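Undergrad: make a model of this:
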Amino acid sequence: MRKLVFVMSLIALSTLTGCAGSAPSADFKKAIADSNRLCATDSATIKVAAADGIIINEVSRLRLESRLKQTIDEKKKAIPCKESSQRDFILKSTITNYDEGNAFARAMLAGLGQIHIDGDFALAMASKESESLAEFSVNKTFAWGGAYGASTRIEDVEPAFAEGVADAVVGQFSGPFSQDNNLLNLRW
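TA: Okay, the predicted model is just below:
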């Protein structure tokens, strides 16, 4: 019986660790054409701004901008380019919700003190910033309770948010099956 409780506890713990790190899916307002997805030799400039009324300090804004750039650059390395020349993109990001939540409230009850990062994005060629190639939103919420909820910070949720954005512009699939070979792609 103790072994069963121990195994069930390990399974529960392993599923909990995925919430802060699970990438959200993009909600496209203007779909991105496959030919406009970033690939290995492309460059991307990331601009992060806060929407009116959204408070995000400069350190957090720069950290999020850097995390988005790093995640996009990492994902696009695996995508071979069909074009021989480098393309320059710009990703304009407007953060529409940046709420660090309340760790004490999360510790008391799941669902309280939630962490939120939401953003609207527009991808364009750097030479034609006003002509968007794609427009989408990505929303990430963390609401677990207990010790896990209390110990999770917005900095722990940002990588998953950035992965959702990178998946949208690079096109790498982040689900349980890979696009290339349909083999299980478990992330432990």
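Undergrad: neighbours of the closest residue to residue 134 other than its chain neighbours, how many?
TA: Of all residues not flanking residue 134 in the chain, residue 32 sits nearest, at 3.5 Å (C-beta to C-beta, 6 or more residues apart in numbering). Using the backbone N, CA and C atoms, a C-beta is placed for each residue, glycine as well. Neighbours of residue 32 under the rule other C-beta atoms under 10 Å: 20.
Undergrad: name the SS class of residue 32, please.
TA: coil (DSSP: H, G, I helix; E, B strand; the rest coil).
Undergrad: with residue 98 instead?
TA: strand.
Undergrad: and it, bridged to which residues?
TA: For residue 98, the beta-bridge partners are residue 117 (DSSP bridges).
Undergrad: quick one: it from residue 56, how far?
TA: Separation of residue 98 from residue 56 (C-beta to C-beta, to the nearest Å) stands at 5 Å.
Undergrad: give me the residue at the spatial middle of this structure.
TA: By C-alpha atoms, centre = their mean, the mean C-alpha position of the chain lies nearest to residue 161, the distance being 2.2 Å.
Undergrad: which non-adjacent residue is nearest that one?
TA: Residue 161 sits nearest to residue 140 (C-beta to C-beta, 6+ apart), 4.2 Å away.
Undergrad: how far off centre is the one helix or strand that neighbour maps to?
TA: Per DSSP states H and E, residue 140 falls inside strand 132-142. Centroid separation for strand 132-142 versus its chain: 9 Å, with C-alpha atoms, centre = their mean, to the nearest Å.
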